[in-house]
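Novice: Below are the sequence and a predicted model for it; my questions follow.
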Amino acid sequence: MIDRNRRLAYVTAMAVLPIIVLPDPLLRKTSAPIERVDEKLQRLIDDMFETMYDAPGVGLAAVQVGVPRRLIVLDVGGEKEDERRPLVMLNPEIVRLGPELRMHEEGCLSIPDVRIEIERPSTATVRFTDRDGNVQEIDAEGLLATAVQHEIDHLNGKLIIDKLSRLKRDMVVRRFKKQAKGEPAD
Ligand code: NI
């Protein structure tokens, strides 16, 4: 028996997308602006949330799922479903950074098992278009300020390993190149 409702639910179900990892050259590409919000984009946004929650992570840029467009999703709320605070930003831009700095040990879903202590401004004013096409501006602080700067870096081809010394960065890249070739990491 075919249950039509169930079938529709299946067709529209969200999907966990594969996340690209170092040394995929797409991670170094500058993402292109989003020009219109259509059904395909709405679907991508839903799938990116599903992918981020599944990972789990607090932020994900479209380029990390192989789509080099200026779109990020974030959620710095709690881990339980009723504590979620999903945020979608299309074409996000940092308008202002605060004077104070905040140190945070950052990880990146595209650089598994690497954590790097990074100091960034602790407050950031961000302007973006939401998924309904409205321009919004928010003052981010704490973890959200850190996460939004991290994700906007992705849109510009920048990664957390860029904050390391050249020697340490080369070591991380070499390890991921070996892994990609199926060789054991040293
Ligand atoms: Ni990242």
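Specialist: In hand now; what should we look at? Numbering: from 1, shown residues only.
Novice: could you pull out the strands for the chain?
Specialist: 59-61, 71-74, 87-97, 101-107, 115-121, 123-129, 135-141 (DSSP state E).
Novice: which stretch among those comes nearest residue 30?
Specialist: strand 59-61 (11.7 Å; CB to CB). Using the backbone N, CA and C atoms, a C-beta is placed for each residue, glycine as well.
Novice: any low-confidence regions in the protein?
Specialist: 1-12, 185-186 (pLDDT under 70).
Novice: do that again at 80, thanks
Specialist: Scanning the chain for pLDDT under 80 picks out 1-13, 79, 184-186.
Novice: Do you have the helices of it handy? List them.
Specialist: In the chain, the helices defined using DSSP state H lie at 4-12, 39-54, 142-155, 166-180.
Novice: Next, the contact list for the residue nearest to residue 22 when sequence neighbours are not counted, please.
Specialist: Nearest non-adjacent residue to residue 22, counting by CB to CB, 6 or more residues apart in numbering: residue 176, 4.0 Å away. Contact analysis of residue 176 by CB atoms under 8 Å, 6 or more residues apart in numbering lists 21-23, 111.
Novice: which pair in those spans the largest distance?
Specialist: Checking the contacts of residue 176 with CB to CB, the most distant pair is 23 and 111, at 10.0 Å.
Novice: of the two, who's got more company?
Specialist: Using other CB atoms under 10 Å, the more surrounded residue of residue 23 and residue 111 is residue 111, with 20 against 17.
Novice: Identify the residue spatially nearest to that one, adjacent ones excluded.
Specialist: residue 22 (5.2 Å).
Novice: Run a quick neighbour tally on residue 38.
Specialist: Neighbours of residue 38 (other CB under 10 Å): 10.
Novice: hang on, I meant residue 90
Specialist: For residue 90, the neighbour count with other CB under 10 Å is 22.
Novice: Next up, the contacts around it.
Specialist: 34, 37, 70-71, 128-131.
Novice: From residue 55, how far out is it?
Specialist: Remark: distance between residue 90 and residue 55 (CB to CB, to the nearest Å) = 21 Å.
Novice: again, but for residue 126
Specialist: Residue 126 is 22 Å from residue 55, by CB to CB.
Novice: of the two, who's got more company?
Specialist: residue 126 (23 against 14).
Novice: picking that back up, in contact with the residue nearest to residue 111, which residues are there?
Specialist: Contacts for residue 22 (CB under 8 Å, 6+ apart) come out as 110-111, 159, 161, 172-173, 176.
Novice: what do you get if the cut-off is 10 Å, keeping everything else the same?
Specialist: 28, 108, 110-112, 114, 159, 161, 172-173, 175-177, 179-180 (CB atoms under 10 Å, 6 or more residues apart in numbering).
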